[in-house]
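In: Predicted structure and sequence below. I'll ask about it afterward.
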Amino acid sequence: MKLAFYHNVPFGGAMRVLWEYVRRLSGRHEITLFHPELVRERPDIYGFQPAPASGFDWDARVRRHHRFPDPRGSFPRVASGRLQLLFRSLDLPFLERASRRMADEIDAGGFDVVFVNPCRLTQAPLLLRHLKTPTVYYCAEPSRLVFERRLAALEAGRAPGARLALRRLFLAPLECADVANARAARIVLAHSLYTANQIRLAYGLEPVIQYLGVDTDVYRPLERPRQRRVVSVSAIGANKDQLFLVRALAAIPAPQRPPVVFAYSRFDPAYLEELKREAAAAGVTLELRQGADDAAVVELYASSRVAACTPVREPFGLIPLEAMACGTPVAGVAEGGLLETIEHGVNGLLTPRDPEAFAAALLTLLDSASERERLSQAGLAAVRARWSWDASAARLESELARAAAMPRR
């Protein structure tokens, strides 16, 4: 097939997913990669400092890497939440024009199908509405900015209140764009049952479940002495809730309290400073490692007794699977996609978002060699049996072929 791949995602899990598919499908299909370089000089408006270079060699894998530069130049740095929302809304017309240009070029290029990945601005890309070529949209989650508070209320059985109604009115342009874009896709993929339900609530669509995988050639056990410490790997920000992990560690008596290593690429500067202050006040020793590559992360997992996963309603949960592939037991918060990647008491431990309960789970894994060994072996077996990138790429290939057989709009 002649494939067009689109993305506008920052470095992180979504970019890794795209890379794993590109490198597995490029040997059998011709791939052209498209992405806009909008807002690249405006990190504060989008909540995170930029990450180091991804290290993914796109040009060696794709026929062409087509970048659409932002013609507007640089912009002021903005940290305020409300101003972030304003600037995101103001960016929509510029992204709309770039999306129309990209859609016209893709439609004129004779592609069989377009694999569309999320957009950091609108979540479901504007490109979806303009393409005549059949599309497969990988929806990592509906826009958190737009939907998270409302969907959380619905899941908890609460009616959205007046404040949420006002917020929805304020976010109306972004919500309209996200919903219309998602509904324009021919096939929508969700990487977990949890995300599939979020898509039904937000968009009224029925997605196809497309589980992800782990590269077990990279993430693998190493023979290293395991230090009595906790490791946490993710971007640093409120939706990853590293503050919760610090509070759980603070609930452990000082003589038993382990240090924690945070490995990250992107970060929210204000949140990182708050994390440092709270850790210092609570007597929690933390080590910050920014820009750790895969090899460094594997070494961290291999030399630590427990990996902690504390994100807020994580849509899938790739991090715990990568830790399991390294033979490192995982403690996670029992919500979102973590309920599908971590089976409590089988290949890891899950607790409510309660610092004392999480502290108890950490102590179990830190101090019980037999429990660590049992969960380590079960985690390795689960990853090898179920979470394969080759199998995931084969499922994606099947959905791309199904979409390619559909007529152009």
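Out: Right, received. Where do you want to start?

In: Where does pLDDT dip in this structure?
Out: 10-11, 38-55, 69-91, 148-171 (pLDDT under 70).

In: Where does the residue nearest to D59 when sequence neighbours are not counted sit, in terms of helix or strand?
Out: Excluding the flanking residues, the one nearest D59 by Cβ to Cβ, 6 or more residues apart in numbering is H65, at 5.4 Å. Bear in mind the C-beta positions are built from the backbone N, C-alpha and C, glycine included. Here H65, judged by DSSP states H and E, is contained in strand 64-69.

In: what sits up against that strand?
Out: 32-38, 58-59, 98, 101-102, 105 (Cβ atoms under 8 Å, 6 or more residues apart in numbering).

In: hmm, which of those residues are the buried ones?
Out: 32-36, 38, 58, 98, 102 (16 or more other Cβ atoms under 10 Å).

In: okay if I get the contacts of strand 64-69 as TSV plus distance to R186 and secondary structure?
Out: Supplementary listing: those in TSV, determined by distance: Cβ to Cβ, whole Å; DSSP: H, G, I helix; E, B strand; the rest coil:
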residue	distance to R186	secondary structure
T32	19	strand
L33	20	strand
F34	17	strand
H35	20	strand
P36	22	strand
E37	27	strand
L38	25	coil
W58	25	helix
D59	29	helix
A98	22	helix
R101	21	helix
M102	17	helix
E105	19	helix
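
In: so can I have CSV of the residues you listed showing distance to L145?
Out: Below are these laid out as CSV (distance: Cβ to Cβ, whole Å):
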residue, distance to L145
T32, 30
L33, 26
F34, 24
H35, 20
P36, 19
E37, 21
L38, 17
W58, 28
D59, 32
A98, 20
R101, 25
M102, 23
E105, 29
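
In: Return the member of these nearest to V298.
Out: W58 (22.6 Å; Cβ to Cβ).

In: Now do the contacts for that closest one.
Out: 19, 22, 33, 65.

In: could you show me where the helices are in the stretch 101-250 of the chain, in order?
Out: Secondary structure of the stretch 101-250 of the chain (DSSP state H, counting those that start in this stretch): helices at 127-130, 144-155, 162-170, 172-184, 193-203, 242-250.

In: just the CA coordinates of the shortest one, formatted as PDB?
Out: Output in PDB follows, covering the C-alpha atoms of helix 127-130 (Å, rounded to 0.1, in the frame of the first residue of the first chain):
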ATOM      1  CA  LEU A 127      -6.800  17.300   8.800                       C
ATOM      2  CA  LEU A 128      -9.500  14.500   9.200                       C
ATOM      3  CA  ARG A 129     -12.300  16.900   8.000                       C
ATOM      4  CA  HIS A 130     -10.500  17.900   4.800                       C
END
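
In: Now do that helix: everything it contacts.
Out: So helix 127-130 is contacted by 6, 99-100, 102-104, 114, 116, 119, 135, 137, 180-182, 184-185 (Cβ under 8 Å, 6+ apart).
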